[in-house]
Every structure is written in structure tokens, then in C-alpha cells.
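J.: need coordinates for the below:
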Amino acid sequence: MGLLKTLFSLFIISFPIAELGRFQFSNGVSFSLNDVLLFLVIVSWFWFNVKKRKYLNSGFLKKSIFLFSLIAVVALIINLGTLSLGNFTVSFLYLVRFVSYASIYFIVKEFDPKFKKTISYLMLLSGSIFVLIGYAQYFFYPSLRNLFYLGWDEHLYRMFSSFLDPNFAGAFFVLFLLFLSYFVNKFYENRNFIKFSFALIVSIFTFVAVYLTYSRSALIMLAAGLITYLLLINKKKFMLLVIITMILVVFLSPKSFRTEGTNLFRTVSSEARLASAEQGLNIFIKNPVLGVGFDAYRYALNRYEGLNTAYWQVTHSGGGTDNSFIFVLATTGILGFIVYIYLLYKMVKLGFVNIKKNKYFSVIFISSILAISIDSLFVNSLFYVFIMEWLWILAGLIENK
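T.: Numbers count the residues shown, from 1 in each chain. From the prediction side, this is the model:
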């Protein structure tokens, strides 16, 4: 168990490296330091269970995770005839990744309470470093123009940190801000004002970071997440303050570096998202029962629409639609969609079931799930690697053995 804990600690600490530790191949396959560490964590966990002759425990989410994974496998196999062996292999590897990310929940769930507390502090450290990298990037590396050939958009004068994408970075900032509320409350209640001041300062910088991404979906997610959080802790009187503060931030903050990307009232990206949603729905309509196969969306989009770029196998915009729910519909059909909604429902229920035993983390988890679900209507954030991993860790933290 000692090796497993060490590897898992390194896994969490590797979060801020994110896309900077990613290696991309021309056929769309990629792997990162995060993937390598997660693989070692899973192997170590498997070996530990074999030695102890332990089997996969039940877990509150076990059935829903297994059922969605099964439908995703069936959907991909049924569509084997439309995919080359290479494309099928790439899609299958991403399905394996999804199962690997979900396994984090089972691993964390089995840790003892003392190490779970250590995990929460490692998440605090990791998230704080990510925010720090974000500010360094914003001031010293304001554009991704030189990485366009690797499939990245320009994102001029926007904070994208080591995710290299302001929308996903914004979503993660919101999740981290909700997570920070636990430490702000904890340190305040313990009258540890030095740690309280640190947590509060990091929270303020994280709040500003959300705005500096100029991601409208992240701002909507922030409002939804904070309002849900305040409702659950019965602090309704602060809801109006949150709404007024966000309105003031949007309309009264300085408008330096005016570009299309930093204009919160821009229409080009909105039109692109509507077009992306329409493409996804068209693909679903043509494959309504089981979709085109989990994470085979890129190949279906190229088959139906014809991606007019030389980088279609690596461009990030071609890998999915800008709506996680439409992505599920298009890749696993109506059957997969129903089961996935059930999985999200079970995750929210997990939070409520444990809210008396683990109040703040449960409230944070519920708020995070609802907030990211709203964000995923505009960005495919429910299937973004680091967001999935963060949520699965939280799920494991709030459930007892």
C-alpha cells in the first residue's frame, strides 16, 4: 500500500504539468506523464488486491460505471465495420482511458481516512500551482499561435495555464475554487488564521483567474456552482452578493487587450458552437440507438462532414462536439445517453447520501457535478481528462470503504 500511496501522490502532483507533459502522434494517439503515472497507480492497486486476494468492492457507483462502460464497448464493436483497424484501436484506447479514470474512484475509496486527508492537501497544492502557472502564462506567454500546427487555437490574451485551452482551464478553476471553500471554512473554524489567509488569497486569485480565461461557460458555471454551494450550506443571503459581484466583474473590469477572444459578447464562437451541436445531432440522428462508437466521433465527423484540414486527426476541435451530452448521444446513442444520465444522477446522490458524515466535501462534490454539467452544455468538459480525474477523486474521498 505504501508504493500505491506514493504513486498516487505523484499522480496528483503531476496535474499542473497537464498538456505540457503530453506527447502527440500523427494518428491522433497521445499519452502524457499523467497517463503514465495513472497506469502505474492502477497496476500497483491491482497487484495489491491480488496479494490480499481482494475483489473489486461494490461501491455506490459500481453498477452505473460498469453499465455505461459496457454500452460504450458494444457501441464501438458494432461500428467496427465503419472504422479501419487503426481508427478502431485509437478509439478503443480512449475507451480504456475512460475506464482507467473511473477506476480512480475505486482506488481512492479504499484509502484510509488519514491518507484521504493527505490527498485533499495534495489537491490544494496541485490546484494552487496550476493557478500560479496560469498567471505566469498570462503575462509571459499570451498566445498559442506557435502551436497551431499541433491543433491548438490561438487564444490571444486569455489565461489557459498548462491546459492550453481557456475554456477547460476556466472550468477547472471553478472546480478548484469550490474545493478551496472547504479549506477556507476549515481553517477559519480552527482559528488558524495564517492558513486561513493563505486559502483566502488563493481563492481570490482563482476567482480572478476564472475571469481572465474570458470563458463565458466558466462564468456561468461559476455562478451555478456558487449558488448551489450556498443553497446546500444554507447561506442564501450571500447569493445576491455573488450575483452582483460577478456582474460588476464582467462589466466594470478593465478591457485591456481587446480581441475577439476577450470580448465576452463575441458571436463567432457562439455560432461555431451551434454549428458543432448541429453536426453532433445530425450524427446521432443517423445512428440513434448506439451511436457511432465511443470516441470514434472524429472519424464519423470526417466521414459525414469531411474535415477540411490537414490536421484533422490531431485537431482538438474535431475530436468531439462542444456539448458533452450531444457527444454521448452521437457516440453511444440513446441507450448510452440514458445510462450516462443515470451515472450523473448516482454521483449527485452519492453526495447527498454522505452529506451528514462528510458535509463540506459532499457539498463541494454535488456543487461541482451540477456546475460542470451546465458548463458541458457549451464545452465537452465532462470528458476532459483532468476534470474527470478531479471529480473521480472527490467521489472517492466522500465515500467510506
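
J.: what segments of this protein are strands?
T.: All strands of the chain, identified by DSSP state E, fall at 22-24, 30-32.

J.: lowest average pLDDT across these?
T.: Here the lowest mean pLDDT among the strands of the chain goes to strand 22-24, at a mean of 68.

J.: show me the helices in the chain, by range?
T.: For the chain, helices defined by DSSP state H occupy the ranges 2-13, 33-51, 62-78, 85-110, 113-140, 166-189, 193-212, 216-232, 239-252, 268-286, 297-304, 324-353, 359-375, 385-398.

J.: in CSV: those, plus mean pLDDT and distance to Tyr157.
T.: Placement of C-beta: from N, CA and C, glycine included. Formatted as CSV, the helices of the chain follow (pLDDT from 0 to 100; distance: least, C-beta to C-beta, whole Å):
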stretch, mean pLDDT, distance to Tyr157
helix 2-13, 94, 29
helix 33-51, 90, 27
helix 62-78, 95, 38
helix 85-110, 91, 32
helix 113-140, 95, 8
helix 166-189, 94, 10
helix 193-212, 94, 9
helix 216-232, 92, 16
helix 239-252, 73, 16
helix 268-286, 86, 15
helix 297-304, 83, 29
helix 324-353, 96, 27
helix 359-375, 94, 22
helix 385-398, 96, 23
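
J.: so which of those comes closest to Phe23?
T.: Closest of the helices of the chain to Phe23 is helix 33-51, at 9.0 Å (criterion: C-beta to C-beta).

J.: residues in contact with the closest one?
T.: 1, 3-4, 7-8, 10-11, 14-15, 17-18, 21, 54-56, 97, 100-101, 103-104, 107, 385-386, 389 (C-beta atoms under 8 Å, 6 or more residues apart in numbering).

J.: residues near the nearest residue to Gly225 once chain neighbours are set aside, how many?
T.: The spatially closest residue to Gly225, leaving aside those adjacent along the chain, is Ala371, at 3.3 Å (C-beta to C-beta, 6 or more residues apart in numbering). By the measure other C-beta atoms under 10 Å, the count of residues near Ala371 is 27.

J.: OK, contacts around Ala371?
T.: So Ala371 contacts 174-175, 178, 221-222, 224-225, 228 (C-beta under 8 Å, 6+ apart).

J.: just to revisit the earlier point, for the helices of the chain, could you give me JSON lines that also reports distance to Met159?
T.: Below are the helices of the chain laid out as JSON lines (distance: least, C-beta to C-beta, whole Å):
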{"stretch": "helix 2-13", "distance to Met159": "21"}
{"stretch": "helix 33-51", "distance to Met159": "21"}
{"stretch": "helix 62-78", "distance to Met159": "33"}
{"stretch": "helix 85-110", "distance to Met159": "25"}
{"stretch": "helix 113-140", "distance to Met159": "4"}
{"stretch": "helix 166-189", "distance to Met159": "6"}
{"stretch": "helix 193-212", "distance to Met159": "4"}
{"stretch": "helix 216-232", "distance to Met159": "10"}
{"stretch": "helix 239-252", "distance to Met159": "14"}
{"stretch": "helix 268-286", "distance to Met159": "16"}
{"stretch": "helix 297-304", "distance to Met159": "27"}
{"stretch": "helix 324-353", "distance to Met159": "22"}
{"stretch": "helix 359-375", "distance to Met159": "16"}
{"stretch": "helix 385-398", "distance to Met159": "16"}
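
J.: relative to Arg158, which of those is closest?
T.: Closest approach to Arg158 among these (C-beta to C-beta): helix 166-189, 4.3 Å.

J.: ok, back up a step: which of the helices of the chain sits closest to Phe160?
T.: Nearest of the helices of the chain to Phe160, taken as C-beta to C-beta: helix 166-189 at 4.5 Å.

J.: which strands and helices sit next to that closest one?
T.: Judged by 3 or more C-beta pairs under 8 Å, 6 or more residues apart in numbering; DSSP states H and E, the packing partners of helix 166-189 are helix 113-140, helix 193-212, helix 216-232, helix 359-375, helix 385-398.

J.: would a markdown table of the ones you listed with distance to Val41 be doable?
T.: Shown next, in a markdown table, are these (distance: least, C-beta to C-beta, whole Å):
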| stretch | distance to Val41 |
| --- | --- |
| helix 113-140 | 12 |
| helix 193-212 | 26 |
| helix 216-232 | 28 |
| helix 359-375 | 21 |
| helix 385-398 | 11 |
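
J.: out of the ones you listed, which comes closest to Phe325?
T.: Among those, helix 359-375 sits nearest to Phe325 (C-beta to C-beta), with 8.5 Å.

J.: output the closest one as PDB, restricted to C-alpha atoms.
T.: In PDB, the C-alpha atoms belonging to helix 359-375 read as follows (Å, rounded to 0.1, in the frame of the first residue of the first chain):
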ATOM      1  CA  LYS A 359     -20.600  17.600   4.900                       C
ATOM      2  CA  TYR A 360     -18.200  20.000   3.200                       C
ATOM      3  CA  PHE A 361     -16.700  17.600   0.700                       C
ATOM      4  CA  SER A 362     -20.100  16.200  -0.200                       C
ATOM      5  CA  VAL A 363     -21.500  19.700  -0.700                       C
ATOM      6  CA  ILE A 364     -18.500  20.600  -2.900                       C
ATOM      7  CA  PHE A 365     -18.900  17.400  -4.900                       C
ATOM      8  CA  ILE A 366     -22.600  18.000  -5.500                       C
ATOM      9  CA  SER A 367     -22.000  21.600  -6.500                       C
ATOM     10  CA  SER A 368     -19.100  20.500  -8.800                       C
ATOM     11  CA  ILE A 369     -21.200  17.900 -10.600                       C
ATOM     12  CA  LEU A 370     -24.100  20.300 -11.200                       C
ATOM     13  CA  ALA A 371     -21.800  23.100 -12.200                       C
ATOM     14  CA  ILE A 372     -19.700  21.000 -14.600                       C
ATOM     15  CA  SER A 373     -22.900  19.600 -16.100                       C
ATOM     16  CA  ILE A 374     -24.000  23.200 -17.000                       C
ATOM     17  CA  ASP A 375     -20.600  24.000 -18.400                       C
END
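
J.: wait, which of the helices and strands packed on helix 166-189 is closest to Ser69?
T.: Among these, helix 385-398 comes nearest to Ser69, with 13.2 Å by C-beta to C-beta.
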